[in-house]
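Chemist: What follows is a predicted protein model with its sequence.
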Amino acid sequence: MQHSENQNIATSLKALAHPRRMAIFQLLAAQPGAALSFQSLQSATKLQTTTLVHHLREMERAWLLARKRKGTEAYYRLTPQSLLTSMDSVHAILNVRFAPSIAA
């Protein structure tokens, strides 16, 4: 496995390793293809503005979501391809390592 692939896996998993980011991820996943406004996310999570901004930025850096501005409001939607690729890699690693012992 290449260094860049390892980095992508670690970045994706690290971004989801925080309970608040998992909650944000689940809120966005409940609306496939749709974007939620910052205000909607803040209302649903009850997080302070600075805390929510921090977690959204961490998720953006991990390529888990995208932000789009409409006027003064920011909207967020999941961009799961990087995470899906990372999870496929993790699945492949586990299959190589554990599939023979599970089948036995």
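Modeler: Received the coordinates, thanks. Numbering: from 1, shown residues only.
Chemist: buried ones in the longest helix seen in the chain?
Modeler: Secondary structure assigned by DSSP state H gives helix 81-103 as the longest helix of the chain. Within helix 81-103, the residues that qualify as buried are 82-83, 86, 89, counting by 16 or more other Cβ atoms under 10 Å. C-beta: built from backbone N, CA, C; applies to glycine.
Chemist: Packing partners of whichever strand or helix holds V53?
Modeler: Using DSSP states H and E, V53 sits in helix 49-61. Other helices and strands packing on helix 49-61, by 3 or more Cβ pairs under 8 Å, 6 or more residues apart in numbering; DSSP states H and E, are helix 3-15, helix 19-29, helix 38-45, strand 65-70.
Chemist: how does it look with 10 Å?
Modeler: With contacts taken as 3 or more Cβ pairs under 10 Å, 6 or more residues apart in numbering; DSSP states H and E, helix 49-61 sits against helix 3-15, helix 19-29, helix 38-45, strand 65-70, strand 73-78.
Chemist: okay, those, which one's buried deepest?
Modeler: Mean neighbour count, computed with mean count of other Cβ atoms under 10 Å, is highest for strand 73-78 among the helices and strands packed on helix 49-61, reaching a mean of 17.
Chemist: From the chain's centre, how far out is it? Work that out for me.
Modeler: Centroid separation between strand 73-78 and its chain, computed with Cα atoms, centre = their mean, to the nearest Å, is 13 Å.
Chemist: Can you tell me what sits against that strand?
Modeler: Residues from elsewhere that reach strand 73-78, judged by Cβ atoms under 10 Å, 6 or more residues apart in numbering: 24-25, 27-29, 31-41, 53, 56, 59-60, 64-69.
Chemist: Quote the end-to-end distance of stretch 8-25.
Modeler: Using Cα to Cα, to the nearest Å, the end-to-end distance of stretch 8-25 comes to 18 Å.
Chemist: partner residues bridging R67?
Modeler: In this entry, R67 is beta-bridged to Y76, by DSSP bridges.
Chemist: Can you verify my assumption that it contacts L28?
Modeler: No. With contact defined as Cβ atoms under 10 Å, R67 does not reach L28; the gap is 11.5 Å.
Chemist: How much space separates the spatially most central residue of the chain from M87?
Modeler: Geometric centre of the chain, nearest residue: L64, 3.8 Å, by Cα atoms, centre = their mean. In this structure, L64 and M87 are 12 Å apart, going by Cβ to Cβ, to the nearest Å.
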